[in-house]
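Enquirer: when you get a sec, could you give me coordinates for this:
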Amino acid sequence: MALKNLLALVVLLGVVGVSVASPYENPFRKSQSNLLSNPGTMGDLDSDYYRSKCPQMEDIVRRVTYQYVSANPTLAAALLRMHFHDCFVRVNAVPNLSLRGYEVVDAVKSALEIACPGVVSCADVLALVARDAVLVIKGPWWPVPLGRRDGRVSNISEANLPSPFANVTTLKKNFADKGLNTKDLVVLSGAHTIGVSSCGLISRRIYNFTGKGDSDPALNPEYVVELKKRCQPTDVTTSVDMDPTDVNAVSEKKGLFISDSTLLDDWETNLYIQKQVLLNGFYFNKDFSDSMVKLGFVGVLTGDQGEIRNQCDRVN
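Expert: Okay, here's the model as predicted:
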């Protein structure tokens, strides 16, 4: 996003922490509109949930996640993206087809099934794996309250994941539909800092934006030249780092996706970006932590809702 260079510094200098046992009140119970827009229970979560049921759980998750991500650091962004998708939608939607990192989740789940069978949900596994994967690459820590249960529902009508081609109005609605606010939108978009894209997703922006052989005017022309060096017109497979190297990316319009650049088009999202620039990202880590905790409550199932899957790729 337009915050990329700023957040590259902030995210990679994040604080590593440890969980503190405490209950977390569900933030979506605060308004009727949130209740209606978030299917599932309004149950609370607790970072101490598995203390007696599976006390070694977090150690197992951390160990297996480290094994995979230390060998392939690009998995950190992939697993964070998978957690985001899992929170947003319950179906195998088209945007989910490019997800990767399933082998990490499966390996963690298998290890947990040996240690404490039938206890830890795949939803909790994924929430922890996403956090611990980011820690492996020295990203920020956030608390992960636990006690989620796994869903049994897959509904194509819910496949409304935010698109990399969406404008800010659509993105704000996508997030609001899940009970997330404008600040959450900007902050969570900052996770793009550690990601990669493909030339296929940006080819039109740099080669033929309006069908006249032009580039998107929302992109810095010098950045367009850089991207063209990496991506030939017919190249749809080459990976592109989503974190430009220029430290002035916020003001120089170097958001790789339209959904990144468009955050400068709205006064609320733009104001947050400019505040981060002014304060050198002083409080971004705290905001990111808060939004990640909030994201983890979207559509949460607790109590006797759903199930605890034996395998994460199928219902029991």
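Enquirer: can we go C-alpha only for contacts and neighbour counts from here?
Expert: OK.
Enquirer: so residue 305, which of the three states?
Expert: coil (DSSP: H, G, I helix; E, B strand; the rest coil).
Enquirer: could we number from 10 for the rest of this?
Expert: Okay, residue one is now 10; in that scheme the one you just asked about reads as residue 314.
Enquirer: please name the nearest non-neighbouring residue to it.
Expert: Nearest non-adjacent residue to residue 314, counting by C-alpha to C-alpha, 6 or more residues apart in numbering: residue 158, 6.8 Å away.
Enquirer: show me the contacts for that neighbour.
Expert: Going by C-alpha atoms under 8 Å, 6 or more residues apart in numbering, residue 158 touches 130-133, 309-312, 314-317.
Enquirer: looking at those, spot the one nearest residue 275.
Expert: residue 309 (29.8 Å; C-alpha to C-alpha).
Enquirer: tell me the SS of the closest one?
Expert: Relying on three-state DSSP, one would call residue 309 coil.
Enquirer: ramachandran angles for the residue nearest to residue 314?
Expert: phi -120, psi 160 (degrees, to the nearest 10).
Enquirer: how far away from the center of its chain is stretch 121-136?
Expert: Distance, stretch centre to chain centre, for stretch 121-136: 21 Å (C-alpha atoms, centre = their mean, to the nearest Å).
Enquirer: what pLDDT, on average, does it get?
Expert: Here stretch 121-136 scores 95 as its mean pLDDT.
Enquirer: from residue 111, how far off is residue 124?
Expert: 20 Å (C-alpha to C-alpha, to the nearest Å).
Enquirer: show me which of the contacts of residue 158 are buried.
Expert: Taking 16 or more other C-alpha atoms under 10 Å as the criterion, what is buried in the contacts of residue 158 is 130-133, 309-311, 314-317.
Enquirer: in the stretch 10-159 of the chain, which spans are strands?
Expert: Along the stretch 10-159 of the chain, counting by DSSP state E, counting those that start in this stretch, strands occupy 32-33, 54-55.
Enquirer: now, which of the contacts of residue 158 sits nearest residue 90?
Expert: Among the contacts of residue 158, and counting by C-alpha to C-alpha, the member closest to residue 90 is residue 132, at 13.8 Å.
Enquirer: residue contacts, the closest one?
Expert: Contacts of residue 132 by C-alpha under 8 Å, 6+ apart are 157-159.
Enquirer: TSV please, covering those and showing pLDDT.
Expert: Conversion of the contacts of residue 132 to TSV gives the following (pLDDT from 0 to 100):
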residue	pLDDT
157	93
158	92
159	91
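Enquirer: returning to what we had before: could you dump the contacts of residue 158 into CSV and include distance to residue 289?
Expert: Converted to CSV, the contacts of residue 158 look like this (distance: C-alpha to C-alpha, whole Å):
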residue, distance to residue 289
130, 38
131, 37
132, 34
133, 33
309, 34
310, 38
311, 39
312, 42
314, 43
315, 43
316, 44
317, 43
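Enquirer: pLDDT score assigned to the most far-flung residue of the chain relative to its centre?
Expert: What lies farthest from the middle of the chain is residue 221; by C-alpha atoms, centre = their mean that is 34.3 Å. If you check residue 221, the pLDDT there is 93.
Enquirer: among the strands of the stretch 10-159 of the chain, which is the most enclosed?
Expert: Stretch with highest mean neighbour count among these: strand 54-55 (a mean of 20; mean count of other C-alpha atoms under 10 Å).
Enquirer: could you give the mean pLDDT of that strand?
Expert: pLDDT averaged over strand 54-55 gives 90.
Enquirer: neighbours around residue 162, how many?
Expert: 10 (other C-alpha atoms under 10 Å).
Enquirer: name the SS class of it, please.
Expert: Residue 162 is classified as coil under three-state DSSP.
Enquirer: tell me the confidence at it?
Expert: 72.
Enquirer: for residue 143, see how far away it is.
Expert: Distance from residue 162 to residue 143, by C-alpha to C-alpha: 29 Å.
Enquirer: related to what we said a few turns ago, helix, strand or coil for the residue farthest from the centre of the chain?
Expert: Classified using three-state DSSP, residue 221 is coil.
Enquirer: on that earlier part again, would you mind giving the strands of the stretch 10-159 of the chain as CSV with distance to residue 94 added?
Expert: Shown next, in CSV, are the strands of the stretch 10-159 of the chain (distance: least, C-alpha to C-alpha, whole Å):
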stretch, distance to residue 94
strand 32-33, 22
strand 54-55, 20
